[in-house]
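J.: Turn this into a structure:
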Amino acid sequence: MRACLIGCGGISKCHLNAIEQLGKDAVELTAVADIIEQRAEKTASEHSCRAYTDYEEMLREEKPDVVHICTPHYLHVPMAVNALSQNINVVLEKPCAISVDGIKELTAAEKASSARLAVCFQNRYNESAIFAKKLIDSGEYGKVTGADALVKWQRDESYYNADEWRGTKSQEGGGVMINQAIHTHDLMKYIAGKKTYSVEGKVGNFHLKNTIEVEDNASVFFEFTDGTRGVYYATTASASSTNPIIDIHLEKATLRIEGDYVFGIHGDKMKMIYSGCDDTGKVGKIEWGSGHLKLIKDFYTCINTGKSFMIDSVAASESVADLLAVYESSLKGEKVIIENFLKG
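T.: Here you go, the predicted model:
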């Protein structure tokens, strides 16, 4: 297959590395696009392909089978919709959208297209997540009774000043929830096998009031559709970044997923039951993990075989809808029911 990439910033390295790892027998990178010409040219030179500053021109000229979209959040929906309208398969960085209207536009575009879409919730491919999911689904510890998550990362002024779109409500769509904690939120629900009925939460900016427009702290209470509940706290105001922690509460124990490890908690006793460090294809920030290669490989396989891909626009939109509803809850000071929120 022929592939192109839009947006040659930091996260693009994960995608470019994955394409390289898959090998030219599977996929050929023909071109990259970035509005900063120097960045496009540098990336193209490093990967022996063509450079464009206009992504629409690139899609017309290259006619790729797949396009990887690694641009700022506010560009995700229009670029993905453009590609899907031309029946070009899309690998899209998270979040898949930053508004309810964006969710509806993207899901409609994928439904109308003969092409497929994959959203990068790559942590679902972590070895520890796979182990925990299988163990929970086996029923060995009984039914899931609830789920909690904790995200403590550090983002300072230099991070936000590196790109103009960061820290802006209109272009980033939000702060710690929609940019950082969305991965952990998606993983928590996926491993627990839960769907959200309602949210009630509060967001605030405590650390960088004069630097960003969006939140750096969030606390959320979830009610799931089966009557169980969940809680999470997320911040980018921590003094340092640590691995997110996910606790899945079951009838007979609690499973804790922390980085590459899974722990079993029985009362006041905690024991490590799995350790699986997989650095295959790992590049860039430690928080990105090594899942991009596995996710992208899986998506290309699904395209070739016709198999369903698990993180399409509908699946990925669930987490976005939850977090957008948290913003609504924080603003209004009340519980928000997801189904009603999406209906508007």
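
J.: Buried residues in the lowest-mean-pLDDT helix or strand in the chain, which are they?
T.: Of the helices and strands making up the chain, the lowest-confidence element is helix 157-161, at a mean of 91, by mean pLDDT, DSSP states H and E. Taking 16 or more other C-beta atoms under 10 Å as the basis for neighbour counts, the residues of helix 157-161 that come out buried are 159-160. In short, each C-beta sits where N, CA and C put it, glycine included.

J.: residues in contact with it?
T.: Taking C-beta atoms under 8 Å, 6 or more residues apart in numbering as the criterion, the residues outside helix 157-161 that touch it are 166-167, 208, 211-212.

J.: hang on, isn't Arg166 packed against Glu172?
T.: Yes - Arg166 is within contact range of Glu172, at 5.8 Å (criterion: C-beta atoms under 8 Å).

J.: in what helix or strand does the residue lying closest to Ala181 once chain neighbours are set aside lie?
T.: The shortest distance from Ala181 to any residue other than its chain neighbours is 3.7 Å, reached at Ala234 (C-beta to C-beta, 6 or more residues apart in numbering). Secondary structure assigned from DSSP states H and E places Ala234 in strand 229-235.

J.: Sheet partners, orientation included, of the first helix or strand past that strand going along the chain?
T.: Using DSSP H and E, the helix or strand that follows strand 229-235 in sequence is strand 245-250. Applying DSSP bridges to the sheet, strand 245-250 is found paired with strand 144-152 (antiparallel), strand 254-258 (antiparallel).

J.: Would you mind measuring from Glu328 to Glu213?
T.: 17 Å (C-beta to C-beta, to the nearest Å).

J.: ditto for Lys134
T.: Taking C-beta to C-beta as the measure, Lys134 and Glu213 are separated by 41 Å.

J.: who's more crowded, these two?
T.: Neighbours around Lys134 and Glu213, counted as other C-beta atoms under 10 Å, are more numerous at Glu213. The numbers are 16 against 11.

J.: Would you check that the more buried one makes contact with Gly173?
T.: No - using C-beta under 8 Å, Glu213 is not in contact with Gly173, being 10.8 Å away.
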